[in-house]
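Undergrad: Give me coordinates for this.
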Amino acid sequence: MTPGGPIFVTARFRSGSTLIWNLLRQVKGLTTYYEPCHDNLLAHIQADTPVQDSHRCVASYWDEYKPLVEELPALHRHEFGVTDLLLEAADEWPGLEKYIGALIERSPERPVLQFNRMDFRLPWLKARFPNATTIHLFRNPRDQWHSMTRGLPEDRRPHPDENAYDLVLWAVALSGSFPFLLGPHIDHSYKRHYLLWRLSYLMGRRLSDLSLSFDEDFCRHPETGTARLLAVAGATEMDAAVLIPFVEAPSPLSRPSLPLAGEFARMEDECDALLEQLGLVERFGLAPLAQIRRDHGSAWTPFEQTALAETARLGSRTFSTMRSKYIDIVRRLRELGVNARNVELALQRTERELTEWKTTLGS
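TA: Presented below is the predicted three-dimensional model:
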């Protein structure tokens, strides 16, 4: 690794993090790793998963990993993307620390790690890698939700059980720490999204070296955002104008007739009031969660009593949905004439992995 310390980018899904990663990819002297904690990273690298249409000016996500392809299976674990999504400064996860450390040490240039699964682990990350520079990116939560759910049928987008971009999986995985992510009060998927967005925003703003708005710093004023990004990355000699062609505001999103702006505002007010009651608006990211929960115990208790049953229900439903999708994929492959035995073996392996995952959720 070259001098300067690693750069960590933290953001939630559909917030513009691929843009930030791609902008830093254009900077000489940086090696940029895309979503290193993705639970299916190894499969994506092996398959060379193609680029999404919405990720403009990107040819491939995985090139930087190719020199490490022989080492990664011994370092990466799918658990990095689905369990222990909250880590505080004193917590231990030697495997994750070793993996991130290996990417940093083996990088031929100053490493950039672009994370979408690290926002609630920032206290741990900063404690383990104190010389790193952390860049936080956020997006308007309403636009972000529309982007996450636009692939769903119109009438399913508000449904609280829809798992768009692992929204339900995150709620289940974090229910031990944030039991309020589950329960009958979550009667619209936007509420669950907004609660996670708000907590991520609070943590990111408090623990990053630079916080950037996708909307203000890139869609509306790209010259400002690119200049700030280059400055914190130490690339002061590079002209920010070179990066402007890589920045393109997303096309207007198709929005359903409901919720209207007033309905969004009502749900946001409800969620903000809840987080305020729980002591998280004032102290999340600044004090240990256990201390916050002790100091506001009466506000937390009602959610703790209902979260366990809801975790079991959502975990089983999500498992069943995922299994059905894999079976449908096998059916389609058979229709295309793919060797049935190989498909069957692949399905069996997948079912074993899903069963292990279900067991992990249940524990």
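
Undergrad: From here on, just use CA atoms for contacts and neighbour counts.
TA: Fine.

Undergrad: Using the three-state scheme, assign V281.
TA: helix (DSSP: H, G, I helix; E, B strand; the rest coil).

Undergrad: so who does it touch?
TA: In this structure, V281 makes contact with 199, 202, 272, 275, judged by CA atoms under 8 Å, 6 or more residues apart in numbering.

Undergrad: Recalculate using a threshold of 7 Å.
TA: Shown in contact with V281 (CA atoms under 7 Å, 6 or more residues apart in numbering): L275.

Undergrad: per-residue confidence at it?
TA: V281 carries a pLDDT value of 98.

Undergrad: for Y201, same thing?
TA: Y201 is assigned a predicted lDDT (pLDDT) of 98.

Undergrad: burial measure for it, as a count.
TA: Number of residues near Y201 (other CA atoms under 10 Å) recorded here: 20.

Undergrad: The closest residue to T18 other than its chain neighbours in helix, strand or coil?
TA: What sits nearest to T18 in space, not counting adjacent residues and going by CA to CA, 6 or more residues apart in numbering, is H55, at 6.9 Å. What three-state DSSP gives for H55 is coil.

Undergrad: what separates H55 from N163, distance-wise?
TA: 22 Å (CA to CA, to the nearest Å).

Undergrad: Next up, the contacts around the residue most central in space within the chain.
TA: Geometric centre of the chain, nearest residue: N116, 3.0 Å, by CA atoms, centre = their mean. Residues near N116 by CA under 7 Å, 6+ apart: 10-13, 35.

Undergrad: Tell me the pLDDT of P94.
TA: 98.

Undergrad: about what we covered before: if you count surrounding residues, which of H55 and N163 has more?
TA: N163 (19 against 14).

Undergrad: Next, find the distance separating the more buried one from H38.
TA: Taking CA to CA, one finds N163 at 17 Å from H38.

Undergrad: residue ranges with poor pLDDT in the protein?
TA: 1-3, 251-259, 308-309, 312, 315-363 (pLDDT under 70).

Undergrad: mind listing the helices for it?
TA: Under the criterion DSSP state H, the chain contains helices at 17-25, 41-47, 72-75, 94-106, 122-128, 141-149, 167-173, 189-207, 222-232, 261-277, 280-283, 289-295, 297-335, 340-362.

Undergrad: Can you tell me how far the residue nearest to the centre of the chain is from G204?
TA: 12 Å.

Undergrad: and R206, how many neighbours does it have?
TA: 17.

Undergrad: swap in D53?
TA: By other CA under 10 Å, the residues close to D53 number 8.

Undergrad: repeat for the one 10 residues further on
TA: The criterion is other CA under 10 Å. On that basis, D63 has 13 neighbouring residues.

Undergrad: how far away is it from P50?
TA: When CA to CA is applied, the distance between D63 and P50 equals 12 Å.

Undergrad: Then F129?
TA: Taking CA to CA, one finds F129 at 32 Å from P50.

Undergrad: Of the two, which one has the most company?
TA: Here F129 and P50 are set side by side on neighbour count (other CA under 10 Å), and the busier one is F129, at 15 against 12.

Undergrad: The more buried one and A89: what is the separation?
TA: For F129, the distance to A89 - CA to CA - is 11 Å.

Undergrad: do P288 as well
TA: P288 is 9 Å from A89, by CA to CA.
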